[in-house]
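Trainee: I'll drop the sequence and a predicted model, then ask my questions.
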Amino acid sequence: MVLRQSGSEKTSGGGGGEEVVAVAVVVEEEEEEETQRMGTRSSGPAMMQRAVFSRAALLAQNTAAALESSLVPRSAPLLMRLDRSMSSSVTIPPPACLLRPLEVPFRYLFGPGPSNIPPRIQVAGGRPIIGHLHPEMYEIMNDIKRGIQYIFQTGNNMTISMSGSGHAAMECAVFNIVEPGESVLIAVNGIWGERVAEIAERMGANVHRLVKTPGEYFSNTEIEQAIAKHKPVLFFLTHGESSAGLCHPMDGIGDICLKHNCLFLVDTVASMGAAPIFMDKQKIDILYTGSQKALNAPPGTAPISFNDRACDKMFNRKTKPVSYLFDMTHLSNYWGCDGQTVRQYHHTGPVSGFFALRESLAILSEKGLEESWRQHKDVAAYLYKGLEDLGLSLFIPDKDVRLPSVTTIAIPQGYDWREMLTYIMKNHQIEMTGGLGPTIGTVMRIGLMGYNCQKTNADMALHALADALKNCKKSKA
C-alpha cells in the first residue's frame, strides 16, 4: 500500500477568480491481489490493522489539506504566477524530487524501534500546531510530566521530556551530573554502555568500565566491588539492552549506590512500558527513556527524571554543563519544575511531538502499567515457543532476563543474516534487524512492543522467518 497525494484541481470561483480545491488523498489498495500474494499474513487481524493504519493516514492528510486551504489567501495562486514571471537571481533550481508527491511505503515495524504508531497517536500528532509558549502548551507539558511520573513510578518534581531522541536524554543526564575529571563507572554489556562511556569521555570524565560479554548481566557483588574500587559520582546501567535482548535485574543496586554516595543512572529506552521498573522503590536517581518503542510515539521526545539527590549534585556544580541546550537549569524552568511563576524562552520544543507523546502516555495510563507488562511477557513467551519450533536458538538462554520487547535469536547456521532480512522486507514488508554494535553478525532482532505487541503479529513474524529459512540460500559448511 502506498499513500499518494493527487494533483490539485482548479475551479472558477465567483467573480472570475480561481480557488484551489482541497487536495484529494488516494489510497491505492489492491486487496484481493495483496491477499493472494501475502497469503495468510494479510487475512483477519493483520488486514484489519493495515486498514486502520490507512484510515488514520487518510484522516491526517485530509485534516492537513483542509487546514492548508483555509490558511492560504485566495490571491496566492496569482501572486505565485506573478512571482515566477519576474526575473530571478536564483541559480540553483528547485530539486525535482520535491516537485513530486511524497510516497511512503507501508511497513510492519517488527524491529527494535521505532514501532508502528496507533491511529490515536497519529491523529494527535496531526492536530493544529499552537505556540510552544502558549498557556495551553504548558498544560499539555504538565500532563506529560504527570504521565512520565506514572510510567516511571516516581514522585520526582524534576521530571520532563527532552526535545530529542533517547540520546538527548542520555547526554542530558551525563552532562548535568558529571563534571570534568570526576570518576564515573559504566556497566558495558552491549552498545548502550559503550555509548555512555564515550559521551562521558568526550566531556572529560574519568571513565571506568565494568565489562561483560553481550547477553550477560552483572551481579550486585560485582557492581559493589567496582563502585568501592573506583568511587564514582555516577554509575550507569542499561535496564533494557536492546542490542543483546537483555533485561537487567534492578533490585538492590540502588541501595549499593546510596551506600557509597554514588548516583544511579538507568537507561530504559527499550524496556519502558514493556518490563517492570520502579524508580522510587528501586532507588534510581536518574531515569530516562525514549518515545518510539513501547510508548509508540514518533521518535523525537525523551522522558527523563531526576530525584532530589541528583538535583543536589546537578544544581551545585562548580562548572556549567558543556551543553546549553541540555542545561537543566534552563530546562527545569521551561518545564515549570523550578518553582518560578514565569517560564522563560529556552528553545522551541517539538509541539507536534509533545502532542503525540501526551497521547501515548494517555493510552498507557488507560491500559495500566501492569497490564502492559503482562501483555509483553505473554506475547514474548508465545514468540519464544514459535522460534524454537522453527529450530531457531534464542540468544539469551535464561528466560528470566530476556527483554520482552526485543527478542534476539542466534543467526541460524549456514545462513546469511543480511540476505534473510532483505528477503523478509521484500516479500513480507516486515522490518526485522541484525545486531547492533558488539552483536552485529551474532544475532537477529525481533521487536513486538506497544501497539505491535500482539500474538497475530508474532505469527506474521514467524511465518516470514519460516519463509526466509525455506527460500534463502544455506551454505553447505
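Mentor: Cool, the structure landed. Residues are numbered from 1 along each chain as shown.
Trainee: can I assume Trp373 is in contact with Met272?
Mentor: No. Trp373 is beyond contact range of Met272, at 10.6 Å (criterion: Cβ atoms under 8 Å). Yep, even glycine has a C-beta here, placed from its N, CA and C like the rest.
Trainee: these two: who's more crowded?
Mentor: Between Trp373 and Met272, Met272 has the larger neighbour count (other Cβ atoms under 10 Å), namely 30 against 18.
Trainee: so who does the more buried one touch?
Mentor: Neighbour list for Met272: Ile151, Phe152, Gly240, Thr289, Gly290, Lys293, Ala294, Leu295, Pro303 [criterion: Cβ atoms under 8 Å, 6 or more residues apart in numbering].
Trainee: same question for Met449.
Mentor: Applying Cβ under 8 Å, 6+ apart, the residues near Met449 are Gly113, Ser115, Gly273, Ala274, Lys293, Ala294, Asn296, His376, Ser405, Val406.
Trainee: sec struct for the fifth one, please.
Mentor: If I follow you right, that is Lys293. When classified by DSSP: H, G, I helix; E, B strand; the rest coil, Lys293 comes out as coil.
Trainee: and it, how far from Phe395?
Mentor: 19 Å (Cβ to Cβ, to the nearest Å).
Trainee: so those two - more neighbours on which side?
Mentor: Each of Lys293 and Phe395 has its neighbours counted (other Cβ under 10 Å); Lys293 has more, 29 against 22.
Trainee: what sits closest to Leu185 if chain neighbours are left out?
Mentor: Pro232 (4.0 Å; Cβ to Cβ, 6 or more residues apart in numbering).
Trainee: so where's the chain uncertain?
Mentor: Where the chain drops to pLDDT under 70, the residues are 1-87, 476-477.
Trainee: could you pull up phi and psi at Cys453?
Mentor: For Cys453, the backbone dihedrals are phi -80, psi 80 (criterion: degrees, to the nearest 10).
Trainee: show me where the stretch 151-300 of the chain has helices.
Mentor: Assigned by DSSP state H, counting those that start in this stretch, the helices in the stretch 151-300 of the chain fall at 166-177, 191-202, 220-230, 253-259.
Trainee: where neighbours are concerned, which of the contacts of Met449 has the most?
Mentor: Going by other Cβ under 10 Å, Ala294 tops these with 34 neighbours.
Trainee: let me see the contact set for the spatially most central residue of the chain.
Mentor: The chain has Gln292 as the residue nearest its centroid, 2.0 Å off, counting by Cα atoms, centre = their mean. Contacts of Gln292 were listed using Cβ under 8 Å, 6+ apart, and they are Gly113, Pro114, Ser115, Ser165, Pro298, Pro299, Gly300.
Trainee: from these, list the buried ones, please.
Mentor: Among the contacts of Gln292, the ones that count as buried by 16 or more other Cβ atoms under 10 Å are Gly113, Pro114, Ser115, Ser165, Pro298, Gly300.
Trainee: so which of those residues comes closest to Arg195?
Mentor: Ser165 (12.0 Å; Cβ to Cβ).
Trainee: now the closest one: closest residue in space, sequence neighbours ignored.
Mentor: Using Cβ to Cβ, 6+ apart and skipping residues adjacent in sequence, the residue nearest Ser165 is Pro299, 5.5 Å away.
Trainee: isn't the one you found up against Leu109?
Mentor: No. The pair Pro299 / Leu109 is not scored as a contact, 11.4 Å apart, by Cβ under 8 Å.
Trainee: neighbours around Trp192, how many?
Mentor: 28.
Trainee: which positions within the helix or strand harbouring Glu419 qualify as buried?
Mentor: Under the criterion of DSSP states H and E, Glu419 resides in helix 417-428. The neighbour-count check on helix 417-428 (16+ other Cβ under 10 Å) flags Trp417, Met420, Leu421, Tyr423, Ile424, His428 as buried.
Trainee: and what of stretch 152-159?
Mentor: Within stretch 152-159, the residues scored as buried using 16+ other Cβ under 10 Å are Phe152, Gln153, Thr154, Asn156, Asn157, Met158, Thr159.
Trainee: mind checking the end-to-end distance for stretch 326-346?
Mentor: End-to-end distance for stretch 326-346, by Cα to Cα, to the nearest Å: 10 Å.
Trainee: how far is it from where the chain is centred?
Mentor: 25 Å (Cα atoms, centre = their mean, to the nearest Å).
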